[in-house]
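In: Sequence below, structure please.
(one chain, ligands or ions: 1)
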Amino acid sequence: MYLFGSAAPPVLDLVGAVERARSAGWSVCVGLTPTAAAWLRDEVPALERITGRPVRSAPRMPWDEEVWPPADVAVVAPATLNTVNVCALGLTPHFVGGWVAEAIGKRWPLVVMPCVNSEYATHPQFGTSVATLRGAGVRVLLGPGGFEPRPPGQGDRGRYPWHLALDAAAAALDAGAGPGTAP
Ligand SMILES: Cc1cc2nc3c(=O)[nH]c(=O)nc-3n(C[C@H](O)[C@H](O)[C@H](O)COP(=O)(O)O)c2cc1C
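Out: Residues are numbered from 1 along each chain as shown. Next up is the predicted model:
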């Protein structure tokens, strides 16, 4: 599994999420948006030790070898308003956006679980982006059975439903697709 995190508070619990995924039998490679990488700078050594793979937040240089093995499924969680829009609009400002754009184009199995408050969630672009992603075959875990937005200040990062993202990843794997490699 490739697990891509962006800069919403549950990303601070990524070590625990990776351990949960590994307990469920996944090998995990972690990718981060630049802001998430800044938030997690002290956790990167632990993430690399647990996963046995480099944590990536920057695209490789054209002359560098790929350092991750192919993945069967990718999970973008937590996905901020910004990252959901980046993914839906096909923008590639960073490693995560670039990978997701390629994954959507190739129809690789992809799960996106947003983390937005209810005000971000009512921004018109957010709904458009979710619809675009779903229309492209991405499993967007929003609403019942996924992340449910709460009013600003009432979010609880400890209740971010990581288990639902892992369940969706397993379901995507069962549906059969992939593998994909990082660009
Ligand atoms: C303490 C804090 C909490 C935040 N929580 C969220 C959040 O839950 N959802 C969200 O979309 N953005 C949240 N943001 C804003 C994002 O971090 C910001 O939009 C950032 O540019 C997202 O970048 P990324 O999507 O590239 O990681 C938060 C910012 C801070 C400082």
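In: Contact partners for Val96?
Out: Shown in contact with Val96 (Cβ atoms under 8 Å, 6 or more residues apart in numbering): 4, 6, 31-33, 57, 76, 83, 86. (Each C-beta comes from the backbone N, C-alpha and C, glycine too.)
In: among those, which are in helices?
Out: 83, 86 (DSSP state H).
In: Can you show me the helices along the chain?
Out: When secondary structure is read from DSSP H, the chain shows helices at 14-23, 34-39, 44-51, 81-89, 95-106, 118-121, 124-135, 162-175.
In: Check those helices for me and report the most buried one.
Out: Ranked by mean neighbour count, the helices of the chain are led by helix 81-89 with a mean of 23 (mean count of other Cβ atoms under 10 Å).
In: now that one and helix 124-135, what's the angle there?
Out: 50 degrees (axes from the mean of the first three to the mean of the last three Cα atoms, to 10 degrees).
In: sorry, back to before: can you list the helices of the chain in CSV and add distance to the ligand and mean pLDDT?
Out: Putting the helices of the chain into CSV (distance: least, Cβ to the nearest ligand atom, whole Å; pLDDT from 0 to 100) gives the following:
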stretch, distance to the ligand, mean pLDDT
helix 14-23, 12, 98
helix 34-39, 4, 98
helix 44-51, 15, 98
helix 81-89, 4, 98
helix 95-106, 7, 96
helix 118-121, 5, 98
helix 124-135, 9, 98
helix 162-175, 15, 93
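In: and of these, who's closest to Gly153?
Out: When the helices of the chain are compared by Cβ to Cβ, helix 118-121 sits nearest Gly153, at 10.4 Å.
In: Give the other helices and strands that that closest one contacts.
Out: Contact partners of helix 118-121 among helices and strands, from 3 or more Cβ pairs under 8 Å, 6 or more residues apart in numbering; DSSP states H and E: none.
In: Sounds good, over and out.
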